[in-house]
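Visitor: Predicted structure and sequence below. I'll ask about it afterward.
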Amino acid sequence: MKKCLVFGLVLFLWAGVSEARPAKSRQHQAPQKPAQAQREPEKEEPYRAYLIVEGSTGKVLEGENIHLQWPPASITKLMVAYLIMERVTAGGVQLTDKIAVSREASKMGGSQVYLKQGEAFTVEELMKAMLVASGNDAAYALAEHVAGSKEGFVKLMNEKAKALNMLDTEFQSVHGLPPSNNEPDDLTSCHDLAILARALMKFPKVLEWTSIQSESFRDGTFILTNHNKLLGRMPGADGLKTGYYRKAGYNVVASAKRGNLRIIAVVLGSSTQKMRDRMAEEKLKQYLHSYEMLTIVSKGDVIDKPIEIPNGKTRLIKGIAGKGFTYPVSFKEKATIRKELNLPQSMNAEIQAGQSLGEMVIRLEGEVIGKIEILSPAHVPKASFFSRLLRMVGFGS
């Protein structure tokens, strides 16, 4: 009997161990099954596109995906600023003009300065509210003042984009807010925003506003705070505009100046504000410290290659540069600059003051970067018959 009990106990324990082993094995294999936690996290993008240009010439220094169409978000307001400043320059709009806030303008969401229906502000006050604090309501009020409606102003924006050769651009709004009801986004590109930024540079007032870090508004009851955090952090930074909504990511058109060298950086589609700002700042610093605006020729420079005028009252003439030529050049490129003169060996009188004599071709690393017309500095009349006769027999000068 005892033997049977012992044998039964052994069988029971063996069965328990047999059941435990598969359970242990299943527990060990479970992590090998596909699981949510094992999926790769969404990749953070430092940018989707970027472009670095020199401001005065538009020389492209670096870029990637420069024609990628992308929602600019609040950077859209730069076109509003351009159209307003065109009209200010032409005299059709005054910075002191008062604009009454409409019901529609007062209902704008997103970044705003909380305009109330019936309030009145000057054009300059609203331009600051739009460019410093990115006020969507301010942009709407300005657009209505010029065109009478949002739709009318958007039409002007798209017409101006085409006129500026911004062929990647199609505006749908005056503020850059994300569209609703499945409407299309505003779209542009790094290439086009660089064109717009350079066009805005002809209005010094714009840079005066975009370089403001903070300023009071509505008699000091509201503070305009600039979204561009490069201001004050980076020497020479003075603009231009940031933009963000979820689909667009973090965008910026940044500008900075050292001496007479201005660099513009356009960064679109960064995953975070920090990435966007770091990218723009690094590129601005890189080119501000490795390039200079080099004056290669000054207007009126004497060209040291004389032209013979056998029948002129003056027998030799040296031309002068018809205009100056300044170009962004890296320090290591300076030694590759070459000036080629295309001038005749001789010319017949009479030569007028300011008459074209030829040209200077300027090359950088073998590539033509400019051409300068060479002009006569003075009137050279034809020598008299007696003077020419004396020269023929070896007398006279």
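Guide: Looks like it came in fine.
Visitor: what's near enough to touch the residue nearest to the spatial centre of the chain?
Guide: Per CA atoms, centre = their mean, the C-alpha nearest to the average position across the chain is that of residue 194, at 3.1 Å. Residue 194 sits next to 51, 53, 58, 253, 264, 266 when contact means CB atoms under 8 Å, 6 or more residues apart in numbering. To be clear about C-beta, it is placed using only N, CA and C from the backbone, and glycine gets the same treatment.
Visitor: Repeat the analysis, applying 10 Å as the threshold.
Guide: Taking CB atoms under 10 Å, 6 or more residues apart in numbering, we find residue 194 in contact with 51-53, 55, 58, 60, 63, 66, 166, 253, 264-266.
Visitor: Tell me where the model's unsure across this structure.
Guide: Counting by pLDDT under 70, the chain contains low-confidence residues at 1-43, 385-397.
Visitor: do that again at 90, thanks
Guide: For the chain, the stretches with pLDDT under 90 are 1-45, 109, 180-183, 232, 310-315, 349, 381-397.
Visitor: What segments of it are helices?
Guide: Secondary structure of the chain (DSSP state H): helices at 2-29, 77-90, 103-106, 123-131, 136-147, 150-163, 190-200, 204-210, 273-290, 385-392.
Visitor: quick one: which of the ones you listed is nearest residue 245?
Guide: helix 136-147 (11.4 Å; CB to CB).
Visitor: Would you mind getting the angle between that closest one and helix 123-131?
Guide: Inter-element angle recorded for helix 136-147 and helix 123-131: 130 degrees (by axes from the mean of the first three to the mean of the last three CA atoms, to 10 degrees).
Visitor: and helix 136-147, what other elements does it pack with?
Guide: Packing partners of helix 136-147 (3 or more CB pairs under 10 Å, 6 or more residues apart in numbering; DSSP states H and E): helix 77-90, strand 98-100, helix 103-106, strand 120-122, helix 123-131, helix 150-163.
Visitor: The last one relative to helix 190-200, how many degrees between them?
Guide: Put plainly, it is helix 150-163. Angle, helix 150-163 to helix 190-200, by the same axes, to 10 degrees: 100 degrees.
Visitor: Now do helix 150-163: everything it contacts.
Guide: The contact list for helix 150-163 (CB under 10 Å, 6+ apart) reads 76, 79-80, 82-84, 86-87, 104-105, 139-140, 142-147, 149, 166-175, 186, 188, 192, 195-196, 199.
Visitor: Could you give me the buried positions within that helix?
Guide: 150, 153, 154, 156, 157, 158, 160, 161 (16 or more other CB atoms under 10 Å).
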